[in-house]
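*Asks:* Sequence and predicted model, in that order:
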Amino acid sequence: MTRNYILIYLAIIGTTSTTLAQSNELFTIYLVRHSEKDHSSPNQSDLPLSQCGEQRSYALSNFLSDVQLEAIYSTDYTRTLSTAHPTATSKSLEIQTYHPSNLEEFARTLLNNQQNALVVGHSNTTGYLAGFLIGEEGEDISLDTYDRIYQVDVSGTSTKLHLIHSSFECDE
């Protein structure tokens with residue numbers, strides 16, 4: 001009889017520990033602004049990446065090479081999709097597009113998905129999205145700043161933002 005109580009007790013503890021571990025699972029969301037644009041392009045409404053921007057996008061893929069990404073998100077612009085493409089290819093992941101008009105809702109989606117993810121956005125969205133993810137106010141990124149990688153670590157209801165400055169140098 002005592003043995004049965006011990007087995008039931010161990011089963012309850014095991015279930016509780018598993019539930020707690022799942023609710024406090026750690027995941028990381030990386031956010032970047034798209035790489036440098038080619039301002040000489042005739043398509044001024046949807047600028048592609050410059051040669052330097054393409055190089056930076058491959059450098060980002062190398063930076064994330066040891067990260068186990070589960071999802072990649074990008075706005076539906078040539079420059080953001082091209083920034084995400086090298087990483088998506090190396091990870092064999094499809095790029096999922098999001099609309100930047102409701103960043104607060106997108107932040108909730110990212111947190112609810114609980115996945116290691118890369119999100120490629122713009123100078124006027126990336127800093128704000130990072131803010132929504134950590135529950136603080138975000139800000140625009142300067143138009144000439146491309147070296148920021150926002151790393152948001154999430155564990156349960158706790159979030160921590162790390163701002164990484166990439167050491168990438170263009171070979172143009």
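*Replies:* Nice, thanks for sending it over.

*Asks:* now the strands for the chain?
*Replies:* 26-33, 71-74, 95-97, 117-121, 148-155, 158-165 (DSSP state E).

*Asks:* Serialize the ones you listed to JSON lines and add fields for distance to residue 171, mean neighbour count and mean pLDDT.
*Replies:* For every residue, glycine as well, the C-beta is placed using N, CA and C. Listed next are the strands of the chain as JSON lines, based on distance: least, Cβ to Cβ, whole Å; neighbours: other Cβ atoms under 10 Å; pLDDT from 0 to 100:
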{"stretch": "strand 26-33", "distance to residue 171": "20", "mean neighbour count": "22", "mean pLDDT": "98"}
{"stretch": "strand 71-74", "distance to residue 171": "24", "mean neighbour count": "21", "mean pLDDT": "98"}
{"stretch": "strand 95-97", "distance to residue 171": "25", "mean neighbour count": "15", "mean pLDDT": "98"}
{"stretch": "strand 117-121", "distance to residue 171": "22", "mean neighbour count": "26", "mean pLDDT": "98"}
{"stretch": "strand 148-155", "distance to residue 171": "20", "mean neighbour count": "18", "mean pLDDT": "98"}
{"stretch": "strand 158-165", "distance to residue 171": "19", "mean neighbour count": "12", "mean pLDDT": "97"}
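
*Asks:* Any idea which of those strands gets closest to residue 135?
*Replies:* For residue 135, the closest of the strands of the chain is strand 158-165, at 6.9 Å, according to Cβ to Cβ.

*Asks:* separation between the closest residue to residue 55 other than its chain neighbours and residue 109?
*Replies:* Excluding its sequence neighbours, the residue lying closest to residue 55 (Cβ to Cβ, 6 or more residues apart in numbering) is residue 170, at 5.8 Å. Per Cβ to Cβ, to the nearest Å, residue 170 is found 34 Å from residue 109.

*Asks:* Neighbour count: these two, which is higher?
*Replies:* residue 170 (15 against 11; other Cβ atoms under 10 Å).

*Asks:* show me what contacts that one?
*Replies:* Taking Cβ atoms under 8 Å, 6 or more residues apart in numbering, we find residue 170 in contact with 36, 51-52, 55-56.
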